[in-house]
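>>> quick one: sequence plus predicted model below, questions after.
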Amino acid sequence: MRRARLFGVVLTILTAGLLLLAGPAAAQQPLKLTDHITDSAGVLTDSGKAAVNSAIDQLYRDRHIQLWVVYVDNFSRFKPENWAGKTRDASGMGTQDVVLAVATNTKTSVLDVPPNLKALKAADVDSLQRGQIDPAVTTGNWSGAAIAAADGLDESAGSSKWARLLKIALMSVAVAVLFVVFLVVLLLLHRRRRRAAGQVTSGDRQSNQVPGSLPEASLPQALSTADARLRQVSDYVAKHRDSVGAEAQARLDEAKGQLAAAHGKQAGDDAEGTAALAHATRASALAAKAQTLANADVQAAHSTRRPRSS
């Protein structure tokens, strides 16, 4: 009986010694990560893992930052930051890789961000660790801790100074472009209105002119036109002398007088040249009027002489 008790005591002592030599239970050494989510502690559900994966993918799409999440029972004898650093080195990670290491038994975690990741400030990382990740780990919200890390990194990187300046610059450019487009539209509308107003004024001016007048003709052109019109109407009146009335003849005589005055002043100074142009223009108008009256007289005479049908 005593021998049995002595054997049990010895066995207990040997077991305790072996446990002390082996170190803490399930102690996890730093390891090489091959997946973005390593759940050595087995704490994630399928839906939780899917949600973490989605947050990691969104972070990479937005900021090209890769988040590696690892869950272990504990960090063995290492400090959390040393454990994460050795895991980073063993995994051969670069400047865009961030490690979130979580020890589930001790409910401790560390967000390891490379110092040369310029999109993130140390103060922002510390605030994210203390304000969002640690509370989730303390309450055992394992997937929530990883999602908070991914979302927080996305937000912190996006709110960096240069990103804000870039947004301001883009907004300024957009406003400037819209302003230029607005000015161009106003200018086009103004030109269109001026063109329309010019067409109306031109039409009014033409409608108010005396038939046959030459408002902006040069003196030689005005004289040539008046001479041609007078010869034409004079020949017509002479041909139909018996049919042309007194009014048409009177307009023709006035036209001849105006043309004679124009020829008489054409060799003078500028004032007389202007007067000569006015006389020539008036002569053309009177000749055209005489032609119109003569045509009407001739047509009326022919209608009167037309024999009646039996």
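Here it is on my side, so go on.

>>> would you map the helices across the chain?
Ranges of helices in the chain, per DSSP state H, are 2-22, 46-63, 80-91, 122-128, 134-138, 142-158, 161-207, 219-239, 246-265, 270-305.

>>> export the fourth one as CSV, just CAs?
Put plainly, it is helix 122-128. What follows is helix 122-128, C-alpha atoms only, in CSV (Å, rounded to 0.1, in the frame of the first residue of the first chain):
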residue,chain,number,x,y,z
ALA,A,122,2.0,55.6,-36.4
ALA,A,123,-0.6,57.6,-34.4
ASP,A,124,-3.3,56.3,-36.7
VAL,A,125,-2.2,52.7,-36.3
ASP,A,126,-2.0,53.1,-32.5
SER,A,127,-5.5,54.6,-32.4
LEU,A,128,-6.8,51.7,-34.5
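
>>> low-scoring stretches of the stretch 151-300 of the chain, by residue?
For the stretch 151-300 of the chain, applying pLDDT under 70 flags the ranges 159-168, 197-217, 267-268.

>>> show me the chain divided up by domain.
25-161, 219-305 (automatic domain parsing).

>>> among those domains, which comes closest to residue 195?
Of all these, it is domain 219-305 that lies closest to residue 195, at 28.2 Å by Cβ to Cβ. Backbone N, C-alpha and C define where each C-beta goes, glycine included.

>>> contacts only, for residue 302.
Listed by Cβ atoms under 8 Å, 6 or more residues apart in numbering, the contact set of residue 302 reads residue 243.

>>> any idea how far residue 241 is from it?
15 Å (Cβ to Cβ, to the nearest Å).

>>> about what we covered before: so which of the domains of the chain is nearest residue 182?
Nearest to residue 182 among the domains of the chain is domain 25-161; the distance by Cβ to Cβ comes to 31.4 Å.

>>> now the closest one, how far from the centre of its chain.
Distance of domain 25-161 from the chain centroid (Cα atoms, centre = their mean, to the nearest Å) equals 40 Å.

>>> and for stretch 234-252?
The answer for stretch 234-252 is 73 Å, by Cα atoms, centre = their mean.

>>> list the buried residues for it?
Across stretch 234-252, burial judged by 16 or more other Cβ atoms under 10 Å covers 234, 236, 237, 240, 243, 244, 248, 249, 251, 252.

>>> pick the one among these closest to residue 193.
residue 251 (42.1 Å).

>>> residues in contact with the most centrally placed residue in the chain?
Centroid-nearest residue in the chain: residue 174, 6.2 Å away (criterion: Cα atoms, centre = their mean). Under the criterion of Cβ under 8 Å, 6+ apart, residue 174 has no neighbours.

>>> and the one 3 residues further on, by the same measure?
Residue 177 makes contact with no residue under the criterion Cβ under 8 Å, 6+ apart.

>>> residue 83 versus that one, what's the distance?
Here the criterion is Cβ to Cβ. By it, residue 177 lies 53 Å from residue 83.

>>> next: residue 121.
Distance of residue 121 to residue 83, computed by Cβ to Cβ: 24 Å.

>>> more neighbours: the two, which one.
A side-by-side neighbour count of residue 121 and residue 83, using other Cβ atoms under 10 Å, places residue 83 first with 26 against 16.

>>> surely that one touches residue 102?
No - here residue 83 does not reach residue 102: they are 10.8 Å apart, not a contact under Cβ atoms under 8 Å.

>>> next, count neighbours for residue 265.
The tally of other residues near residue 265 (other Cβ under 10 Å) stands at 20.

>>> any idea how far residue 193 is from it?
From residue 265 across to residue 193, the span is 43 Å (Cβ to Cβ).

>>> equivalent analysis for residue 183, please.
With Cβ to Cβ as the criterion, residue 183 and residue 193 are 16 Å apart.

>>> next one: residue 124
Applying Cβ to Cβ, the value for residue 124 to residue 193 is 57 Å.

>>> neighbour count winner among these two?
Shown here are residue 124 and residue 193; by other Cβ under 10 Å, residue 124 has more neighbours (18 against 10).

>>> Provide a list of residues in contact with the residue nearest to that one when sequence neighbours are not counted.
Spatial nearest neighbour of residue 124, chain neighbours left out: residue 156 (4.1 Å); criterion: Cβ to Cβ, 6 or more residues apart in numbering. By Cβ under 8 Å, 6+ apart, residue 156 lies in contact with 119, 120, 121, 124, 125, 128.
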